[in-house]
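Asks: quick one, fold the following:
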Amino acid sequence: MHQARCGEENAPVADEIKGRSVPEAESGDDSVSLALVRTAKRHRSVAATLYAPHGIHPGQDMVIDELWRAGDRTLGQLAAALQIEAPTVSRTVERLERSGLVEKRRSTTDGRSTLVSLSVAGREAHLQWQHAWRELERRTTARLRRGEQAELIRLLRLVNDGLDD
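Replies: Residues are numbered from 1 along each chain as shown. The predicted structure is shown next:
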């Protein structure tokens, strides 16, 4: 294994992951991970500000949107569709139910399953949330040209997929 010597900033490290050479970890401003963390935190903060007038918090938005698009869902179906853990979905649905945005009821076809659906207030909140989402998207992409937006999406998908390696 080749380790970078002091002063060799760009020297490769010969560690291999799935046949790819892995660069030495960066811990400063050039760190991709740090840039992602900072951007994700800022994005979530702006989302929280934009969603607040509609009674929706970041994380709840994806559950509401999934119910809007797909209709009634079990907790398991929501977890699978959103690629998040079932306990997280359960807590989110409980909060949404307490705020009157979703309703839960027993499935008529499988009495063991509970179906989650948007309430009337939830459907109204979704319509308002869409405006906030569009504003969040506008702010997120304001300094990117169309081609750069497409490239960013492509690169983020690669990063996301690489985290499974």
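
Asks: quick one: residue 157 is in a strand?
Replies: No - Residue 157 sits outside any strand when classified using DSSP: H, G, I helix; E, B strand; the rest coil, being helix.

Asks: from residue 140, how far off is it?
Replies: In this view, residue 157 and residue 140 are 16 Å apart by Cβ to Cβ, to the nearest Å. All C-beta atoms are positioned from the backbone trio N, CA, C, and that covers glycine.

Asks: neighbour count winner among these two?
Replies: residue 140 (16 against 10; other Cβ atoms under 10 Å).

Asks: so what touches the strand or helix carrying the more buried one?
Replies: Following DSSP states H and E, one finds residue 140 within helix 120-141. Helix 120-141 is contacted by residues 43, 46-47, 50-51, 53-56, 61, 64-65, 67-68, 96, 100-102, 118, 149 when judged by Cβ atoms under 8 Å, 6 or more residues apart in numbering.

Asks: same question for stretch 45-57.
Replies: For stretch 45-57, the external contacting residues (Cβ under 8 Å, 6+ apart) are 58, 61, 64, 95, 99, 101, 125, 128-129, 132-133, 135-136, 139.

Asks: report the buried members of the residues you listed.
Replies: Buried members of those, scored by 16 or more other Cβ atoms under 10 Å, are 58, 61, 64, 99, 101, 125, 129, 132-133, 136.

Asks: that older thread, export only the CA atoms of the helix holding residue 140, formatted as CSV.
Replies: C-alpha atoms of helix 120-141 as CSV (Å, rounded to 0.1, in the frame of the first residue of the first chain):
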residue,chain,number,x,y,z
VAL,A,120,-58.5,16.5,3.7
ALA,A,121,-56.1,18.7,5.5
GLY,A,122,-53.2,16.6,4.3
ARG,A,123,-54.3,17.0,0.7
GLU,A,124,-54.6,20.8,1.1
ALA,A,125,-51.2,20.9,2.8
HIS,A,126,-49.7,18.9,-0.1
LEU,A,127,-51.0,21.5,-2.6
GLN,A,128,-49.4,24.3,-0.5
TRP,A,129,-46.2,22.2,0.0
GLN,A,130,-45.8,21.9,-3.8
HIS,A,131,-45.3,25.7,-3.9
ALA,A,132,-42.7,25.5,-1.2
TRP,A,133,-41.0,22.6,-2.9
ARG,A,134,-40.8,24.5,-6.2
GLU,A,135,-39.3,27.5,-4.3
LEU,A,136,-36.8,25.1,-2.6
GLU,A,137,-35.9,23.7,-6.0
ARG,A,138,-35.5,27.2,-7.5
ARG,A,139,-33.1,28.2,-4.7
THR,A,140,-31.2,24.9,-4.9
THR,A,141,-30.5,25.3,-8.6
